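Participant: my questions are about this predicted structure, shown below with the sequence.
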Amino acid sequence: MAKIVIALGGNALGKSPEEQLNLVKNTAKSLAGAISQGHKITISHGNGPQVGAINLGMNYANEHNQGPAFPFPECGAMSQGYIGYHLQQSLQNELNRQNITQDVVTLITQVEVEADDPAFKNPTKPIGTFYSKKQAEKIEKEKNYIFKEDAGRGYRQVIASPMPKNIIEIDSVNRLINNNNVVIAGGGGGIPVLKSEGGNIKGVSAVIDKDRSSALLADNIVADKLIILTAVEYVYMNYGKSDQEALQEIDSKQAKDLIQEKQFATGSMLPKIEACLDFVTQGKDREAIITSLENLDDALAGKTGTIIKK
Ligand SMILES: Nc1ncnc2c1ncn2[C@@H]1O[C@H](COP(=O)(O)OP(=O)(O)O)[C@@H](O)[C@H]1O
Ligand SMILES: NC(=O)OP(=O)(O)O
């Protein structure tokens, strides 16, 4: 039996509510399978495409005098509710079907970041949909948004992505886990908040990388394993080139060397590798796996995915 944090990538969750629900229903079968094997599962998820879509929709309504503007922390909170709802419903249905008596709880999670994080001056987190270079340049001029190329897939709006420092609701997460609940926490990397000297917290415009928050969550709940589910079965060397090569298992030294060689794209694979490195090096006998959503069963059985060890 292992204590596992499973992080679902925002880009791997489909492009519409219908697509997302179908994907999540499938993933729920694997998650319930892992729970029936005795594993203690905690779930986190990304929100890049979803938080971008929510923000775009709200901005559109606002620009057409049909509603107020919605800042990013509020959009992040909505994305936690939207994705958490699908996960909570699908997994609860699956657990009930398998007569497993565990409740699934989505916890709105705030994550503290630092006001002087250099990320606020250098936005890197891709959100929303993909655009052509021409479309991106046009929107950049019209709206003052910043766009960057995203791992060969097109151009996306980028916003600040500060490092997660502290999960505000971590005690509640631990209490819920210890009381036999499956917890969905840290959705979209958590809602970014700043803490004042008096201890008050308030939202700040950013989207935290969910891989980094998931590693923090896994460390905080003292998990054995961190599984990051994305759109690719393996992490590759020379990704996208004719000689790309799947990485089966790497240790922290090899991972650091590959980072030096710039094998992993900033804003997509790099934060995943760095998050896995943080998690495995901060504790004993820890393992991280990166694979695709549909390969969760095989990854749990150690049959696929890129395994990262200390
Ligand atoms: N070396 C690499 N190996 C595999 N995938 C890579 C690599 N470098 C960049 N990628 C890209 O990173 C993507 C995963 O990052 P991203 O889409 O941000 O994940 P998610 O939204 O699922 O968290 C892959 O689908 C792939 O397009
Ligand atoms: N917040 C976040 O990291 O989302 P993605 O997994 O969609 O990039």
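Facilitator: Done, it's in. Numbering: from 1, shown residues only. Ligands and ions are numbered 1, 2, ... in the order given.

Participant: I figured residue 1 hits residue 41, correct?
Facilitator: No. The criterion here is CB atoms under 8 Å, and residue 1 misses it with residue 41 at 10.8 Å. Every C-beta, even on glycine, is put in place using the N, C-alpha and C of the backbone.

Participant: which of those two has more neighbours?
Facilitator: Neighbours around residue 1 and residue 41, counted as other CB atoms under 10 Å, are more numerous at residue 41. The numbers are 24 against 8.

Participant: if the more buried one is in a bridge, with which residues?
Facilitator: Beta-bridge pairing of residue 41 under DSSP bridges involves residue 4.

Participant: next up, the contacts around it.
Facilitator: 4, 5, 6, 31, 34, 35, 182 (CB atoms under 8 Å, 6 or more residues apart in numbering).

Participant: flag every residue of the chain that's near ligand 2.
Facilitator: Counting by CB under 6 Å from any ligand atom, the chain comes close to ligand 2 at 9, 10, 11, 46, 47, 48, 188, 189, 207, 209, 210.

Participant: redo those as CSV? Include distance to ligand 1 and neighbour count.
Facilitator: What follows is the residues of the chain next to ligand 2, written out as CSV (distance: CB to the nearest ligand atom, whole Å; neighbours: other CB atoms under 10 Å):
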residue, distance to ligand 1, neighbour count
9, 2, 23
10, 4, 25
11, 3, 19
46, 4, 28
47, 9, 26
48, 5, 30
188, 11, 31
189, 10, 34
207, 11, 31
209, 9, 25
210, 7, 31
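
Participant: confidence-wise, which of those comes last?
Facilitator: Minimum pLDDT for those is recorded at residue 11 (82).

Participant: and the gap between that residue and residue 52?
Facilitator: Using CB to CB, to the nearest Å, we find residue 11 at a distance of 11 Å from residue 52.

Participant: break the chain down into its structural domains.
Facilitator: 3-113+165-309, 124-159 (the TED database).

Participant: ranking those by burial, who's on top?
Facilitator: The highest mean neighbour count among these, using mean count of other CB atoms under 10 Å, belongs to domain 3-113+165-309: a mean of 19.

Participant: what's the first-to-last distance across that one?
Facilitator: 16 Å (CA to CA, to the nearest Å).

Participant: again with stretch 236-248
Facilitator: 9 Å.

Participant: same check, this time on stretch 291-310
Facilitator: 18 Å.

Participant: near ligand 1, which residues of the stretch 51-200 of the chain show up?
Facilitator: residue 151.

Participant: and the strands in the stretch 51-200 of the chain?
Facilitator: Per DSSP state E, counting those that start in this stretch, the stretch 51-200 of the chain carries strands over the ranges 103-106, 110-112, 125-131, 147-149, 155-159, 166-167, 181-184, 191-195.

Participant: name the residues that touch the first one?
Facilitator: It refers to strand 103-106. So strand 103-106 is contacted by 80-81, 84-85, 87-88, 91-92, 95, 176, 180-185, 187 (CB under 8 Å, 6+ apart).

Participant: now swap in the fourth one and tell me
Facilitator: Judged by CB under 8 Å, 6+ apart, the contacts made with strand 147-149 from elsewhere in the structure are 124, 126, 131, 133, 136-137, 139-140, 155-158, 267.

Participant: over to the last one?
Facilitator: For strand 191-195, contacts defined as CB under 8 Å, 6+ apart pick out 72-73, 76-77, 80, 108-115, 162, 168, 201-208.
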